[in-house]
Structure formats: structure tokens, C-alpha cells
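Visitor: predicted coordinates and the sequence they were generated for:
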There are 2 protein chains.
Amino acid sequence: MSLATDRGKPQSADKPTLYKQIRIDIERRILTGEWPPGHRIPYEHELMSLYGCSRMTVSKALSELAQADLIERRRKAGSFVRRPTFLSAVLKIADIRAEIGALGRSYGYELLQCSRRTANAADRDRLGARKTGKVIAIACRHSADDVPFAIEDRLIDLDAVPEAATADFATEPPGTWLLHHVPWTEAEHSISAIVADEQAAAALDIAIGAPCLVIDRHTWRSARPLTAVRLLYPGDSHKLVARFKGG
Amino acid sequence: MSLATDRGKPQSADKPTLYKQIRIDIERRILTGEWPPGHRIPYEHELMSLYGCSRMTVSKALSELAQADLIERRRKAGSFVRRPTFLSAVLKIADIRAEIGALGRSYGYELLQCSRRTANAADRDRLGARKTGKVIAIACRHSADDVPFAIEDRLIDLDAVPEAATADFATEPPGTWLLHHVPWTEAEHSISAIVADEQAAAALDIAIGAPCLVIDRHTWRSARPLTAVRLLYPGDSHKLVARFKGG
DNA sequence: CGTATCGATATGTCTATACATAAAATCGTC
DNA sequence: GACGATTTTATGTATAGACATATCGATACG
């Protein structure tokens, strides 16, 4: 799958401003295990005399650490190193057209099917919508250097996104159009693996039974479903890559 | 796969402190499209008279928005709404034992194979290590309610993690042991799909040719490789889920 | 002994001010 | 008009002080 990869706060060699030094210093102590989970970090007034600066400055450093979930701050009690129960990752998933462009390959797009209809029970279920309204159903194929890259099967709620009625999905991929025209507030991705059935194998030009990576994405604006999409990638040639930052 | 799911800053109904109100207010304008990508956000001094507060306060709100990658701040020029080229997700991946426990199922663990050896060329390549040292190679199986859940194939660099020599991997899963004993600074995950070969099918009690989700994880401490692991999950019964926050 | 109250304390927010810094805008010179 | 130096300006960092607020712990009370 590709996927741009990135970490929350890279260790960019930033200018050594005071609060950043303090943050990095504490971060190092946590990451190396010198201050294990549960350890109480020195009080702000201790840190301020330690580093010879004001409380606002150490507080800013601690705030960023708290925001990154490395520490937990409790009034009166102090700040504590958090238990690393999870690895938290920042995954950045690009629009497919941008993604292929970033790989230096030529992007190709084919609209396979596009129809408008009143939502049936299956459509409502897939979108998670309560009411029945108009929807657009789209099937299309993305390719890189004329090799099939992914197939897309999408449903757009026309009541929530009326502008989609006038979009030309024959020339512009629906994902790209949506990204540029429709603001959203939340999305959920579900990643799984399946084997290609006859139809998918034909569309992706792979063997029936070949492994495929599946991404199901649902997008909402203020709890209202906008679109549901399933992307199918040949599993042997694509990977999702994520860099993580640990604690 | 499971995967605990979570977003960077949940919409917790926080107390309406001033800077939070400002942050949420601007966030809303961006998320609803009222201020599209590229739009210049009012200058700090405009915001401070708008909200009737000091510059430090509006600056704190803008700093958080910049940290969340929603806006970009440029000296002299001002602050601008960022173009949403990516969806950024926070994926939280739990230790498998904790993950199964969180599902309310009983955890089972079997060590299939464990050997110590001097790293060969393939081991060095897999770890990304330059020098040849001792390694531990482990194969094990995790199960939930006595049903195979995942199989694990792991390599640990004994020079980087000497304490691993004394760990008892017959009773404690290596992932759990490492999480609690070895601090790390960076990890990279690569997610892909394969079909089960004969060996994997036997270990997971699934059909040969069934789809599997694969997670390859590499972990480092200060650029030094610690461990490389491949986790294989039956693809039809497990999913990676990630909630995203959009821009 | 259990419980309510209260004070001490560390963090959370906010102000007003100061100077540093980067970059856009302007000016001056050739 | 082109190009380099200077000015202007918005952000970035830092300070000292103030008050708010949550909470731990001790004290007093029933």
C-alpha cells in the first residue's frame, strides 16, 4: 500500500531552545528506562531550579510530553511516566493518486461502474445511515505505470454530500474529488486480508486465490456518514508501513 | 488483530477554558470548511482582541493546532490552514496477551521453538544489524479460548538485549517480556497480506491458501536493532482498526 | 472508628511584558 | 529595472506574578 510514513514528533535537530532541551532531556530519560513507568518526575519547581528557568518554561515542556502520552500529570500529586501498554503509531495514508505520483510512477484511472439509486437495506447498513436517501455507487480501478494498483468500491451518501451529484467521476477519482471538496471530521479504517475472487482477480490481473490487502474506510462529518469505501490491493506487492514512536 | 483504537485528542467534554474554546472554535471552522486549506487565520493580535485575551493565550491555542498538523505557522506571514494531503491515524497496537485479555477471552501460549545461535547472513539482514553476534530465534503460538490466534516468529539480538538470555520464554511470551523489560525508541511496522503455506496453515489450524494478515515489526533503541518479529493472523477473523482524525 | 472539613501543595490557566528571529516588504543604490 | 541592505512585522521563546482548581493528608467532629 505504500503509505507515507511518519512519526509524531521526529527527532529533528531543532534549535536548542530551552523548553525543547528540557523536553528532550526528560524524553531521553523515559525512553532509556532511566525513569521507568510510574516514576514521579521532579516537581515543576524542582525542574525550574534545576534548569534555571521559569515555571512556564518547564510547564511547556511537560505539557508537550503529556500531549504525546509519555507522561501523566496530576494536580497536587505531580507528573508520572506512563505505563507503555500500547505502541502508538501515526499512519499517514495518502490519496491513491498522490501516492502513486509520489512513487514517481504514472497514474492511471478507469471508472468501471457508476450508478445512482435510492439506498437499499444493504447500502444503509454499509453506510451506517438510518434514513433511506439517494446514494452513488462507484467501482473504479487505479493503476501505476499501466499495472493495476488497486480497485475501489465506494458508496457516497448524496443527502450528506449533494455536491457529488455534479462531480465527474469519469475523469477524477472519487477519493481525490472528496478529499478536495468535502470536509470531514472522522474516519475509521479497518485493515484485513482476503483472497481474490474471480472478479477481483480479473480486475487486478492477478490469480484467483492470490492474497489481497483490504482497507475499509468509513468517513463521517459530525457523526453523519458521508462515504464508505473498500480498497483492494494485491497483497504481495503492497504494504502498509508505519513508523512508531515508543514509550 | 484487534487493536485498540483511539484518536489523538478525543472530543472529551473538557472544561471550557479560554484557550481550549479558541482552539475548538478555530478547529470547527477548519473542519467544516468555513476556512478552507490555504486560508490565512487571523493574526494573533486580531484574535486577542477578538476573544479579549492576551497573546500568550491565543498562541497556546494555535500551538496545539499546529502540533495536530491542522495549521501551519510561518513567521511574519501568519498561520494557514494546512492542505489535507494525508489522513493521519493513531493506531494503538497492544501486546497480544493484553489484547486477548481485553477481549474477555482466555489467553494461551505455546513455545514452538527456541534456539540460540551466532547470527548468520539471513539473521543480520533481517535485523538490519551490521555485526555478527549472538541471536535468539523464537517461534511461538498465541491462542484465544484455545483457538489459534496468531503465530509469531521472532529474532532477538542478544548483544543489544543481553537480559534476554536469562528470560524464560517457555512461560512468558517474548513480546510481553520485551515490552516490560526493554526500553525502545523506535519501531516500524509493515502490514501486508499473504496466503497460508502448509506450515502456517497447520499452526493456525486453517486451510492452506487461506488469507493471512502479516505484521512485520522492527524495533530499535537509538538506531540499534533490538528485535524483528513477524506475526501472522488468520485474515478472515482479524482486523486492524484505526480511528482517524481529519483535516 | 468513620466521616466531614480544611489547609497545604502542585498543577492549570492567564496576564503583561520583553526580546529574539525569520521573512515579507520597502528602500536605496548602481 | 535589478539587486542588496534595511525596516517592518508576526511569530517564537521566555519571564514573573497572579489566581483557580484538584487532591492529598491531617485534623476535628460525630
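Guide: Alright, I've got the coordinates. Numbers count the residues shown, from 1 in each chain, chains lettered A, B, ... in the order given.

Visitor: count the neighbours of residue A:193 for me.
Guide: By the criterion of other CB atoms under 10 Å in any protein chain shown, residue A:193 has 26 neighbours. For glycine as for every other residue, the C-beta is placed from the backbone atoms N, C-alpha and C.

Visitor: helix/strand/coil for it?
Guide: Three-state assignment for residue A:193 (DSSP: H, G, I helix; E, B strand; the rest coil): strand.

Visitor: gap between it and residue B:210?
Guide: 9 Å (CB to CB, to the nearest Å).

Visitor: element containing the most far-flung residue of chain A relative to its centre, please.
Guide: Most distant from the centre of chain A: residue A:49, at 41.1 Å, with distances by CA atoms, centre = their mean. For residue A:49, the host element (DSSP states H and E) is helix A:44-51.

Visitor: could you check the pLDDT of residue A:93?
Guide: Reported pLDDT at residue A:93 in the predicted model: 67.

Visitor: host element of residue A:56?
Guide: Going by DSSP H and E, residue A:56 is in helix A:55-67.

Visitor: who does the next helix-or-strand element following that helix pair up with?
Guide: Per DSSP H and E, helix A:55-67 leads on to strand A:71-74 as the next helix or strand towards the C-terminus. Applying DSSP bridges to the sheet, strand A:71-74 is found paired with strand A:78-81 (antiparallel).

Visitor: do the partner strand and DNA strand C meet at all?
Guide: Yes. Between strand A:78-81 and DNA strand C, judged by CB under 7 Å from any atom of the strand, the touching residues are A:78-79.

Visitor: what are the buried residues along that strand?
Guide: Neighbour counts using 16 or more other CB atoms under 10 Å in any protein chain shown place A:79-81 of strand A:78-81 among the buried residues.

Visitor: just these now: which is nearest residue B:21?
Guide: Closest to residue B:21 out of the buried residues of strand A:78-81 is residue A:79 (25.1 Å), distances taken as CB to CB.

Visitor: tell me which stretches of chain A form helices.
Guide: Taking DSSP state H to define them, one finds helices in chain A at A:18-31, A:44-51, A:55-67, A:96-102, A:121-127, A:174-181, A:198-204.

Visitor: which of the ones you listed sits closest to residue A:74?
Guide: Here helix A:55-67 is closest among those (CB to CB), at 10.4 Å.

Visitor: that closest one - contacts with which helices or strands?
Guide: helix A:18-31, helix A:44-51, strand A:71-74, strand A:78-81, helix B:55-67 (3 or more CB pairs under 8 Å, 6 or more residues apart in numbering or on different chains; DSSP states H and E).

Visitor: between helix A:18-31 and the second one, find me the angle.
Guide: Using axes from the mean of the first three to the mean of the last three CA atoms, to 10 degrees, one finds that helix A:44-51 and helix A:18-31 are set 110 degrees apart in direction.

Visitor: shaky segments in chain A?
Guide: Within chain A, the segments meeting pLDDT under 70 span A:1-15, A:84-94, A:237, A:242-247.

Visitor: do I have it right that residue A:73 meets residue A:81?
Guide: No. The criterion here is CB atoms under 8 Å, and residue A:73 misses it with residue A:81 at 11.2 Å.

Visitor: quick one on the thing from earlier: indicate which one of the helices and strands packed on helix A:55-67 is closest to residue A:121.
Guide: Smallest distance to residue A:121 across the helices and strands packed on helix A:55-67 (CB to CB): 41.0 Å, for helix B:55-67.

Visitor: who touches stretch A:124-143?
Guide: Defining contact as CB atoms under 8 Å, 6 or more residues apart in numbering or on different chains, one finds that stretch A:124-143 is touched by A:96-97, A:100, A:107-120, A:123, A:148-159, A:164-165, A:169, A:173-174, A:203, A:218, A:225, A:227-228.

Visitor: which neighbours do residue A:193 and residue B:210 share?
Guide: Common contacts of residue A:193 and residue B:210, defined by CB under 8 Å, 6+ apart, comprise B:235-236.

Visitor: can you pull the buried residues of the helix holding residue A:56?
Guide: By 16+ other CB under 10 Å, the buried positions in helix A:55-67 come out as A:57-65, A:67.

Visitor: just those that are near DNA strand D?
Guide: Okay, of the buried residues of helix A:55-67 touching DNA strand D (CB under 7 Å from any atom of the strand), that's A:57, A:60.

Visitor: can you tell me which of the buried residues of helix A:55-67 lies closest to chain B?
Guide: residue A:67 (6.8 Å; CB to the nearest CB).

Visitor: these two touch, right, the closest one and residue B:67?
Guide: Yes. Taking CB under 8 Å as the definition, residue A:67 is a contact partner of residue B:67 at 6.8 Å.

Visitor: starting at the chain centroid, how far to stretch A:43-55?
Guide: 38 Å (CA atoms, centre = their mean, to the nearest Å).

Visitor: over to stretch A:128-139?
Guide: For stretch A:128-139, the distance to the chain centre is 24 Å (CA atoms, centre = their mean).

Visitor: cool, stretch A:197-209 as well?
Guide: Relative to the chain's own centre, stretch A:197-209 is displaced by 27 Å; criterion: CA atoms, centre = their mean.

Visitor: next one: stretch A:127-146
Guide: Taking CA atoms, centre = their mean, the mean C-alpha location of stretch A:127-146 is offset from the chain mean by 19 Å.

Visitor: contact residues of chain A facing DNA strand C?
Guide: A:15, A:41, A:43-45, A:55-56, A:59, A:62-63, A:66, A:73-79.
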